[in-house]
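**Q** From the sequence below, what's the structure:
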Amino acid sequence: MIYATREHDTQARPRERPEVPHPAKRWVRLSLLPVSFLAWVIGVAQTSTTTLGGYGLPANLPPLFYVGLVLLIVSAGIELAQDELSNLRLALHAGLLVLILYGTGAIVYAEPRYSWFYKTAGVVQYVKVNGHLTPGIDIYQSWPGFFALAAWFDRVAGVNTPLDYGNWAQPVFEVAALPLLFSIYNSLGLSARQRWLGLLLYSAGNWIAQDYFSPQALATVVSLGIMAFVLRWMPAAGSVVVPPSVQEADSSRDSERRASGGHRRVRRREGNGEVPLMTALMLLVFVLAFTHELSPYIIAVQLGVLALLKQIRPRWIPLAVAAITIGYLLPNFSYVDKHYGLLSSIGNFFGNVESPSSLNSGTIPQSQHVIADSADLLSAMIWLLALAGAWLMRGSRRRAIALVLLTFSPILVLFGGAYGNEGILRVYLFSLPWAAALAATALIPFRPRDLIPARLLDRARKRSLGQPIARLPRPAWLGRLAVGPLLPPIALMLAAALFLPAFYGNDEMNVFSASEVTTTSAFLQTAKPGLILCAMDNESLSFTAKYDQFPVGNVFGEYGVIETDPTKMNMATYLARTVVNYTDGLAPGYLMIAPSMQAENADYGYIPADYLTMLADSIRTSKYWKPIFNDDGTVIYEITPAADDIPAGSYNHAPLLSVP
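**A** Just a heads-up that it's a prediction; the model follows:
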């Protein structure tokens with residue numbers, strides 16, 4: 001029987017004293033977290049990354065690392081099953097999970113991962129050295145929020161380059177997201193157990209790696225901040241209500257809230273109170289608008305969902321967000337459309353879903369199939385759990401509909417611009433915060449009491465005048481799905497097992513050796529500005545303030561300079577002739593071959609492996625190229641004066657070269 005008041009319940013049925021756990025059980029519970037941390041620390045200390053194979057870092061991690069991760073998840077499951085939840089202990093679990101999953105790479109690698117990190121670092125250096133931005137150089141300088149902030153931070157902190165701290169961007173951004181998500185989940189009416197489980201699922205499910213040192217990482221945090229702000233401070237009257245902390249323990253300070261059905265009714269703030277709130281919100285939106293190109297549109301859509309369902313007020317908030325976003329785009333529209341075909345790519349649904357493997361002409365190794373399958377399975381697991389959670393929440397219709405639409409509205413991205421085979425990844429990224437919330441409700445379902453709207457409880461309480469409320473039908477699913485305390489840790493264990501290969505599996509190509517970064521840095525600091533040809537598009541170039549003076553092209557790949565069968569030409573001569581014709585002989589030309597490029601091809605099989613060997617042999621024996629840097633497999637060649645008199649012949653008339 002469901003009662004309107006906790007007091008009546010205690011009169012009808014005396015409160016039972018909570019069972020005191022056995023001292024040994026309590027000792028085991030309290031020791032799991034520090035033991036897991038210690039096992040992880042020792043495991044990381046034993047990790048060697050000298051040689052990474054096709055399966056990346058997970059194959060090099062020692063058993064103690066996995067022991068630490070497993071113990072942490074077991075400990076989290078035990079904490080979630082307690083009668084009285086400890087917010088402090090659960091916060092420590094959430095923080096340690098982020099540290100293990102995202103901090104391991106920051107510790108074991110000497111240099112930041114990902115070639116695209118070095119491009120963002122170059123823009124930061126440009127802003128710091130020149131003191132301004134130059135719109136038109138590249139799209140980064142047209143959306144400068146992140147770069148201006150990072151340049152300011154470097155000056156204040158006395159840091160020479162983002163390379164000094166870039167490794168730690170991922171765990172920092174992931175930790176920054178946790179309190180914002182906690183606030184969002186609280187405002188959406190999730191119980192305390194669901195909120196903590198949602199945070200853990202978010203961390204274990206975010207394999208996309210958007211959280212590196214980048215505008216997207218900052219935009220993700222700002223976007224979550226906007227949603228947390230609106231849901232907390234601008235809810236509509238009678239909208240989704242906030243349940244208690246749901247410790248499932250009696251507390252005198254919560255008695256009044258429990259007496260009203262365990263929910264807090266939202267009251268609207270009248271008068272001038274909305275003005276400072278709207279001012280703060282629009283400021284956050286503007287920061288987001290000039291930080292990232294896509295995120296503001298997703299936020300506008302998701303706020304539109306909440307406004308449509310009458311969850312936020314005023315209901316014109318999404319229109320204001322869209323106006324600011326479009327207003328910022330208009331001055332930059334011609335550049336974006338010219339370089340990225342914004343208008344022509346609208347509606348390119350199937351192109352955005354297309355797999356990157358369709359670009360390969362070589363042989364894709366088995367390890368790549370395993371890594372891709374892990375990412376796909378992890379995404380599918382989170383989405384399927386989200387659908388299950390939505391079904392179980394159907395008794396709370398408006399809340400369930402809101403979460404479902406927030407989860408799957410990012411699919412609109414696929415109908416927008418072209419994202420270079422990253423469209424589906426962006427959909428998953430933007431849907432993950434909401435999918436994790438729904439997944440948590442599937443693993444820890446609401447009690448029947450949690451699904452009763454506050455207005456019904458209030459109405460029933462008034463009618464009953466303190467007497468027991470007439471019984472509401474017990475949801476049938478509650479009897480069929482007896483969800484035990486083992487289900488959350490099992491789901492977390494599976495998510496973490498899939499996360500590691502999905503997130504770290506490609507580190508053979510994503511990690512750059514210290515010698516390669518040092519060689520590249522020395523080259524960029526001393527070389528005269530000119531065209532750089534790279535064997536493949538995976539290099540650590542572009543992280544100096546002069547990055548805009550070195551346009552880059554690729555020898556092989558989808559947009560490679562060599563468009564025909566390389567076995568039927570002299571590649572060194574063809575490339576030299578292409579450089580001379582592109583620069584009119586007025587600027588130097590360079591060619592770079594590095595281990596990171598060979599690793600990229602080994603991982604993805606873009607071209608037959610012998611093509612890179614043929615290129616190296618051709619360049620090494622050509623009179624048109626000379627080596628100027630050669631260190632630990634990283635070789636940089638410069639075109640020689642002999643190329644000025646190169647005989648006429650075939651070359652690429654329109655190489656796709658761009659500022660990095």
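**Q** surely residue 535 meets residue 552?
**A** No: applying C-beta atoms under 8 Å as the test, residue 535 and residue 552 come out as separate, 11.7 Å apart. (Glycine included, C-beta is placed from N, CA and C.)
**Q** out of those two, which sits in the busier spot?
**A** When neighbours are counted by other C-beta atoms under 10 Å, residue 535 and residue 552 differ, and residue 535 comes out ahead with 27 against 21.
**Q** ok, that one - contacts?
**A** Residues near residue 535 by C-beta atoms under 8 Å, 6 or more residues apart in numbering: 554-556, 591-594, 597-598, 612, 615.
**Q** got those as JSON lines, with distance to residue 295 and neighbour count columns?
**A** As requested, the contacts of residue 535 are arranged in JSON lines below (distance: C-beta to C-beta, whole Å; neighbours: other C-beta atoms under 10 Å):
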{"residue": "554", "distance to residue 295": "29", "neighbour count": "22"}
{"residue": "555", "distance to residue 295": "34", "neighbour count": "27"}
{"residue": "556", "distance to residue 295": "33", "neighbour count": "24"}
{"residue": "591", "distance to residue 295": "37", "neighbour count": "25"}
{"residue": "592", "distance to residue 295": "33", "neighbour count": "25"}
{"residue": "593", "distance to residue 295": "37", "neighbour count": "24"}
{"residue": "594", "distance to residue 295": "33", "neighbour count": "27"}
{"residue": "597", "distance to residue 295": "31", "neighbour count": "26"}
{"residue": "598", "distance to residue 295": "35", "neighbour count": "20"}
{"residue": "612", "distance to residue 295": "37", "neighbour count": "20"}
{"residue": "615", "distance to residue 295": "39", "neighbour count": "23"}
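**Q** Among the residues you listed, which are located in strands?
**A** When strands are assigned by DSSP state E, the members of these inside them are 554, 591-593.
**Q** Name the nearest of these relative to residue 585.
**A** residue 591 (16.3 Å; C-beta to C-beta).
**Q** Now do the strands in the stretch 151-300 of the chain.
**A** Applying DSSP state E, counting those that start in this stretch to the stretch 151-300 of the chain gives no strands.
**Q** which residues of it score low on pLDDT?
**A** Along the stretch 151-300 of the chain, segments meeting pLDDT under 70 span 237-273.
**Q** And the helices in it?
**A** Ranges of helices within the stretch 151-300 of the chain are 169-187, 192-205, 215-233, 255-259, 274-289, 295-308, based on DSSP state H, counting those that start in this stretch.
**Q** Output the contacting helices and strands for the fifth one.
**A** Looking back up the chat, that one is helix 274-289. Helix 274-289 sits against helix 215-233, helix 295-308, helix 317-329, with contacts defined as 3 or more C-beta pairs under 8 Å, 6 or more residues apart in numbering; DSSP states H and E.
**Q** would you list these in a markdown table and tack on distance to residue 646?
**A** Formatted as a markdown table, the helices and strands packed on helix 274-289 follow (distance: least, C-beta to C-beta, whole Å):
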| stretch | distance to residue 646 |
| --- | --- |
| helix 215-233 | 42 |
| helix 295-308 | 48 |
| helix 317-329 | 45 |
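**Q** Minimum distance to residue 652: which of those helices has it?
**A** Per C-beta to C-beta, nearest to residue 652 of the helices and strands packed on helix 274-289: helix 215-233, 31.7 Å.
**Q** tilt between the closest one and helix 317-329?
**A** On the basis of axes from the mean of the first three to the mean of the last three C-alpha atoms, to 10 degrees, helix 215-233 is oriented at 150 degrees to helix 317-329.
**Q** Dump helix 215-233 to CSV, keeping only the CA atoms.
**A** C-alpha atoms of helix 215-233 as CSV (Å, rounded to 0.1, in the frame of the first residue of the first chain):
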residue,chain,number,x,y,z
PRO,A,215,37.1,23.2,-28.6
GLN,A,216,34.8,20.2,-28.7
ALA,A,217,35.9,19.2,-25.1
LEU,A,218,35.2,22.7,-23.8
ALA,A,219,32.0,22.9,-25.7
THR,A,220,30.8,19.7,-24.1
VAL,A,221,31.3,21.0,-20.6
VAL,A,222,29.7,24.4,-21.5
SER,A,223,26.7,22.6,-23.1
LEU,A,224,26.2,20.5,-20.0
GLY,A,225,26.5,23.7,-17.9
ILE,A,226,23.8,25.4,-20.0
MET,A,227,21.4,22.4,-19.6
ALA,A,228,22.2,22.2,-15.8
PHE,A,229,21.5,25.9,-15.4
VAL,A,230,18.2,25.9,-17.3
LEU,A,231,16.9,22.8,-15.6
ARG,A,232,17.9,24.0,-12.2
TRP,A,233,17.0,27.7,-12.3
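**Q** closest to residue 162 among the ones in strands among the contacts of residue 535?
**A** residue 592 (21.4 Å).
**Q** Which residues lie in contact with the closest one in this structure?
**A** So residue 592 contacts 520, 532-535, 539, 541, 634-637 (C-beta under 8 Å, 6+ apart).
**Q** Now flag whichever of those residues is closest to residue 288.
**A** Checking the contacts of residue 592 against residue 288 by C-beta to C-beta gives residue 541 as the nearest, at 29.1 Å.
**Q** Against residue 558, how distant is that closest one?
**A** Distance check for residue 541 against residue 558: by C-beta to C-beta, to the nearest Å, it reads 18 Å.
**Q** out of those two, which sits in the busier spot?
**A** Between residue 541 and residue 558, counted using other C-beta under 10 Å, the more crowded position is residue 541 (22 against 15).
**Q** How is this structure partitioned into domains?
**A** Annotated domains of the chain cover 6-110+165-507, 513-645 [automatic domain parsing].
**Q** quick one on the thing from earlier: include distance to residue 493 and pLDDT when you put the contacts of residue 535 into TSV, please.
**A** Shown next, in TSV, are the contacts of residue 535 (distance: C-beta to C-beta, whole Å; pLDDT from 0 to 100):
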residue	distance to residue 493	pLDDT
554	41	91
555	44	92
556	41	91
591	47	95
592	43	95
593	42	95
594	38	94
597	36	92
598	35	91
612	40	92
615	45	94
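**Q** Now render these as CSV, adding distance to residue 566.
**A** Shown next, in CSV, are the contacts of residue 535 (distance: C-beta to C-beta, whole Å):
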residue, distance to residue 566
554, 13
555, 9
556, 8
591, 14
592, 17
593, 14
594, 19
597, 15
598, 16
612, 10
615, 7
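**Q** Residue 85 is in contact with residue 195, isn't it?
**A** No: using C-beta under 8 Å, residue 85 is not in contact with residue 195; the gap is 9.8 Å.
**Q** So residue 428 is in contact with residue 210, correct?
**A** No: counting by C-beta under 8 Å, residue 428 does not reach residue 210; the two are 10.0 Å apart.
**Q** that older thread, return the subset of the contacts of residue 592 lying in strands.
**A** Short answer: the contacts of residue 592 in strands (DSSP E) are 532-534, 634-637.
**Q** So which of the residues you listed is the closest to residue 366?
**A** Distances from residue 366 to these, taken as C-beta to C-beta, are shortest for residue 534 (27.0 Å).
**Q** how near is the residue nearest to the closest one when sequence neighbours are not counted to residue 520?
**A** Of all residues not flanking residue 534 in the chain, residue 592 sits nearest, at 5.0 Å (C-beta to C-beta, 6 or more residues apart in numbering). From residue 592 across to residue 520, the span is 8 Å (C-beta to C-beta).
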